[in-house]
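Enquirer: turn this into a structure:
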Amino acid sequence: MGRLFGTDGVRGIANTELTVERSMEIGRAAAEVISDGCRRRPLFIVGSDTRMSSNMIGCAVMAGICSRGADVIDLGVVPTPAVAYLVGKYKADAGVMISASHNPAEFNGIKIFGGEGYKLPDALEDKIEAIVLDGESDGKKPIGGEVGRVTRADKATRDYIDHVKSSVLYSLDGMRVAIDCANGSASMTAAKLFEELGAEATILHAEPNGTNINDGCGSTHIDRLSKFVTEGGYDCGVAFDGDADRCLAVDENGKLVDGDEIMAICALDLLERGRLNGNAVVGTIMTNFGFGKFCDENGIKFIATKVGDRYVLEEMLLEDYSFGGEQSGHIIFRDFATTGDGQLTACQLLSLIRRKGKKLSELASVMTCYPQTMVNLKVSAEGKLKFYTDPDIKDAMNEAKAELGATGRLVVRPSGTEPLIRVMAEGENMEQIEAITNRVADVIKEKLS
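Expert: Numbering: from 1, shown residues only. Predicted coordinates:
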């Protein structure tokens, strides 16, 4: 990826790394790139999550877009997948989401979708970067009536809720579920969505104050939901992240059901109903070892991509596959969505549970998860680059892979959205993989600190 864009848009600490000035430049550059070849006045839609800085960043992006002669529909606070869906419904040329997803409140980000609801391809992101960083702009500055204007959407959340509801085969009547909104975008939609589908839904962490997004709640802090489900005797619980494009679950016993297990449950159901295109599922190199075994046992083809739902989707589009996702809970049902959608995933899973008449724990047992350990190491941008060339790090990784052999694997990679290098080992023996993970992490810390 380039100098601004990571695997999930532009991201950084708001007002220091991601400044108002830079946000305006990105908005202006995006409008210039999208305007190229457009035969009419371009139209953008812009949504945001609940961070304190989202208004600041969003207004700057919208000002930049308007300064290039494009109009904007401000959606307000909505989930990221709502932006991806509403681009098509509102016949816009592009959509922008202001969010840093699962990151803490001080971060923010800018995600851009094209007119078909897919994240912008690398080539267009490169053009935006060239304008912002290298000054490769055509320099056009409309005046008077040619300047863009901002209007407000009145029905954005309603339109999105109706779309998700339309994807559900069975109502959720009689189900008692706990829903963790992470004090993020799902706070605007989850209560209506799940109650209208018939669930007895208890909504948790849906009181955003600008700084409590993802704070001890949501898909990155599943323990609180687990305890709530078991103590309250719920059928299950689901948790979203700050912009609601991820979904994780806990079963009736409070046990985590992660993205890989959700994919296994849904893939098997899609296969049985003849709705799994190519009898294939697209995952990533971080997908659990056990998922590949599950696929082998059930005659499903498994394809692994680089980490990031954009790469999962690229492979799905390339081969016309209908289903894929990540362990983190980005699940893509291509029959209904152009990106990961946490609430749509939750609805598909809950509807499947009711239709099958089984407990979530039983459904999740179709796959055996191998033990995994992960260490996240903070590094600078220079450290990320040095990681690829340091010989001692390479030697430590090769030794670890040789020790694991065919019974496990090691994955070491720089994060595409955070200043981190992630070290993950997976295998049959937890003690062994913990030792391997720590050994490799120690070498990386020593060489890159």
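Enquirer: can you get me the start-to-end distance on stretch 178-192?
Expert: 14 Å (Cα to Cα, to the nearest Å).
Enquirer: list the buried residues of that stretch.
Expert: 178-191 (16 or more other Cβ atoms under 10 Å). Using the backbone N, CA and C atoms, a C-beta is placed for each residue, glycine as well.
Enquirer: what about the strands in the stretch 51-200 of the chain?
Expert: 71-77, 94-98, 107-114, 150-152, 176-180, 200-204 (DSSP state E, counting those that start in this stretch).
Enquirer: mind listing what's buried in the strand or helix carrying residue 440?
Expert: Per DSSP states H and E: residue 440 is located in helix 430-448. Along helix 430-448, these residues count as buried under the neighbour rule (16+ other Cβ under 10 Å): 432-433, 436-437, 440-441, 443-445, 448.
Enquirer: what's the closest of these to residue 245?
Expert: Distance to residue 245 across those (Cβ to Cβ) is lowest for residue 437, with 27.8 Å.
Enquirer: the closest one contacts residue 424, doesn't it?
Expert: Yes. Between residue 437 and residue 424 a contact is recorded at 7.1 Å, counting by Cβ atoms under 8 Å.
Enquirer: who touches both of the two?
Expert: 373-374 (Cβ atoms under 8 Å, 6 or more residues apart in numbering).
Enquirer: out of the helices and strands in the protein, which is least certain?
Expert: Among the helical and strand segments of the chain, the one scoring lowest on mean pLDDT, DSSP states H and E is helix 381-387, with a mean of 79.
Enquirer: in space, what's closest to residue 151 - neighbours in sequence excluded?
Expert: Spatial nearest neighbour of residue 151, chain neighbours left out: residue 73 (5.6 Å); criterion: Cβ to Cβ, 6 or more residues apart in numbering.
Enquirer: do the same with residue 325
Expert: residue 331 (3.7 Å).
Enquirer: give me the number of residues near residue 212?
Expert: 18 (other Cβ atoms under 10 Å).
Enquirer: what sits against it?
Expert: Counted by Cβ under 8 Å, 6+ apart, residue 212 has contacts 105, 183, 205.
Enquirer: next one: the residue located most distally from the centre of the chain from residue 47, what distance?
Expert: The C-alpha centroid of the chain is most remote from residue 144, which lies 39.3 Å away (Cα atoms, centre = their mean). Look at residue 144 and residue 47: by Cβ to Cβ, to the nearest Å, they are 29 Å apart.
Enquirer: now swap in residue 424 and tell me
Expert: Relative to residue 47, and taking Cβ to Cβ, residue 424 is found at 32 Å.
Enquirer: neighbour count winner among these two?
Expert: Each of residue 424 and residue 47 has its neighbours counted (other Cβ under 10 Å); residue 47 has more, 31 against 19.
Enquirer: per-residue pLDDT of residue 379, please?
Expert: Per-residue pLDDT puts residue 379 at 83.
Enquirer: that one is in contact with residue 421, isn't it?
Expert: Yes. Using Cβ under 8 Å, residue 379 is in contact with residue 421, at 5.3 Å.
Enquirer: spit out the residues that contact those two alike.
Expert: 387, 414, 444, 448.
Enquirer: next, count neighbours for the residue lying closest to the last one once chain neighbours are set aside.
Expert: Leaving aside its chain neighbours, residue 448 sits nearest to residue 383 (4.1 Å; criterion: Cβ to Cβ, 6+ apart). Using other Cβ under 10 Å, residue 383 has 20 other residues around it.
Enquirer: then residue 385?
Expert: Counted with other Cβ under 10 Å, residue 385 comes out at 12.
Enquirer: how about residue 8?
Expert: With other Cβ under 10 Å as criterion, residue 8 counts 25.
Enquirer: out of the strands of the stretch 51-200 of the chain, flag the one nearest residue 240.
Expert: That would be strand 176-180 among those, by Cβ to Cβ, at 6.7 Å.
Enquirer: pairing partners for that closest one, with directions?
Expert: Strand 176-180 sits in its sheet next to strand 200-204 (parallel), strand 236-240 (parallel), going by DSSP bridges.
Enquirer: which of these sits most buried?
Expert: Of the strands paired with strand 176-180, the one with the most neighbours on average (mean count of other Cβ atoms under 10 Å) is strand 236-240, at a mean of 30.
Enquirer: how is this structure partitioned into domains?
Expert: Domains of the chain are assigned by automatic domain parsing as 5-154, 159-364, 372-448.
Enquirer: if we can go back for a sec, isn't the residue nearest to residue 448 right up against residue 421?
Expert: Yes. Contact criterion Cβ under 8 Å: residue 383 and residue 421 qualify, at 7.4 Å.
Enquirer: joint contacts of these two?
Expert: By Cβ under 8 Å, 6+ apart, the residues touching both residue 383 and residue 421 are residue 448.
Enquirer: that older thread, only the C-alpha atoms, please, for the helix holding residue 440, written as CSV.
Expert: Taking C-alpha atoms only, helix 430-448 is exported to CSV below (Å, rounded to 0.1, in the frame of the first residue of the first chain):
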residue,chain,number,x,y,z
MET,A,430,-0.1,-24.3,23.6
GLU,A,431,3.1,-24.4,25.7
GLN,A,432,5.2,-24.8,22.5
ILE,A,433,3.5,-22.0,20.5
GLU,A,434,3.7,-19.6,23.4
ALA,A,435,7.4,-20.2,23.7
ILE,A,436,7.9,-19.8,20.0
THR,A,437,5.8,-16.6,19.9
ASN,A,438,7.8,-15.0,22.7
ARG,A,439,11.1,-16.1,21.3
VAL,A,440,10.5,-14.5,17.9
ALA,A,441,8.9,-11.4,19.5
ASP,A,442,12.0,-10.9,21.7
VAL,A,443,14.3,-10.9,18.6
ILE,A,444,12.0,-8.4,16.9
LYS,A,445,12.0,-6.1,19.9
GLU,A,446,15.8,-6.2,20.2
LYS,A,447,16.4,-5.5,16.6
LEU,A,448,13.7,-2.8,16.0
